[in-house]
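Undergrad: let me see the structure of the following:
(chains A and B)
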Amino acid sequence: NAGVTQTPKFQVLKTGQSMTLQCAQDMNHNSMYWYRQDPGMGLRLIYYSASEGTTDKGEVPNGYNVSRLNKREFSLRLESAAPSQTSVYFCASSEPTGTPRRNEQFFGPGTRLTVL
Amino acid sequence: AQSVTQLDSQVPVFEEAPVELRCNYSSSVSVYLFWYVQYPNQGLQLLLKYLSGSTLVKGINGFEAEFNKSQTSFHLRKPSVHISDTAEYFCAVSLTGNQFYFGTGTSLTVIP
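TA: Presented below is the predicted three-dimensional model:
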């Protein structure tokens, strides 16, 4: 199993450009998440998807959109990138309650995004 | 919204010495509690979790944590650290198992 994979690993954008960060998991998890990590601020939840076909806003959703394409894939889109979106982005997935490893999040390796 | 406070942003400790990384949370209801470790340029990896039951939780790499409901704390401990424990450590809390709230992290540096 590859676990949680993210593409790309690195990206540099100019202000106003758009891009989509891709995430896929092969663990048959129902729930998937997008976080951003900034120095001194820990991880903050952008959006999450409790199951295929549903998405919900997290703590910092402004400037982002998401798509839960199917059970495996959860993408994050920046429509018009801003320097404040320079960050490291992590995707994660987890099993639902009632399963042995419930509530344990599995993280991808991250995408380092710089917006100039 | 929940909040998680990690009181120490940086903790230097000598090799083979004990360490405690502190975590407090704010919640008036039952929560799930987690500690994650992040090595440089990697994603987060679960160290241990408290869902219910015994308040002393043992995790990987010799770490353990104790849930204290009255003090709303979940401090992480290791009796003897190794160079390889140098990393960033994050405490997290969840009410429902869907939304997770992370602390700002503690950078542990083990000094030879």
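
Undergrad: any part of stretch B:10-29 near chain A?
TA: No. If you take C-beta under 8 Å from any C-beta of the partner chain as the test, stretch B:10-29 misses chain A, and the best it gets is 11.1 Å. Any C-beta I mention is one placed from the backbone N, CA and C, and that applies to glycine too.

Undergrad: low-confidence ranges, the chain, go.
TA: No chain in the question, so chain A it is. Along chain A, segments meeting pLDDT under 70 span A:96-102.

Undergrad: hmm, I had chain B in mind actually
TA: By pLDDT under 70, the weakly predicted segments of chain B are B:1-2, B:28, B:96-98.

Undergrad: taking the centroid of it, which residue is nearest it?
TA: Among the residues of chain B, the one closest to the centroid is residue B:35, at 3.6 Å (C-alpha atoms, centre = their mean).

Undergrad: if I read this right, that one contacts residue B:66, doesn't it?
TA: No. Here residue B:35 lies out of contact with residue B:66, judged by C-beta atoms under 8 Å, at a distance of 11.4 Å.

Undergrad: what bridges to residue B:5?
TA: residue B:24 (DSSP bridges).

Undergrad: re earlier: show me what the residue nearest to the centre of chain B bridges to in the sheet.
TA: residue B:48, residue B:91.

Undergrad: if I look at it, how far off is chain A?
TA: Distance from residue B:35 to chain A, counting by C-beta to the nearest C-beta, to the nearest Å: 12 Å.

Undergrad: what's the overlap in contacts for residue B:35 and residue B:66?
TA: Taking C-beta atoms under 8 Å, 6 or more residues apart in numbering or on different chains as the criterion, residue B:35 and residue B:66 both touch residue B:74.

Undergrad: quick check: residues of chain A near chain B?
TA: A:4, A:31, A:33, A:35, A:40-45, A:48, A:50, A:56, A:58-59, A:90, A:92, A:94, A:96-97, A:102-105, A:107-110.

Undergrad: so what's residue A:28 up against?
TA: Residue A:28 sits next to residue A:71 when contact means C-beta under 8 Å, 6+ apart.

Undergrad: now the residue nearest to the centre of chain B: how far from residue A:65?
TA: To residue A:65, residue B:35 is 32 Å away according to C-beta to C-beta, to the nearest Å.

Undergrad: same question for residue A:71.
TA: Taking C-beta to C-beta, one finds residue A:71 at 19 Å from residue A:65.

Undergrad: next: residue A:89.
TA: Distance from residue A:89 to residue A:65, by C-beta to C-beta: 14 Å.

Undergrad: more neighbours: these two, which one.
TA: Each of residue A:89 and residue A:65 has its neighbours counted (other C-beta atoms under 10 Å in any protein chain shown); residue A:89 has more, 22 against 14.
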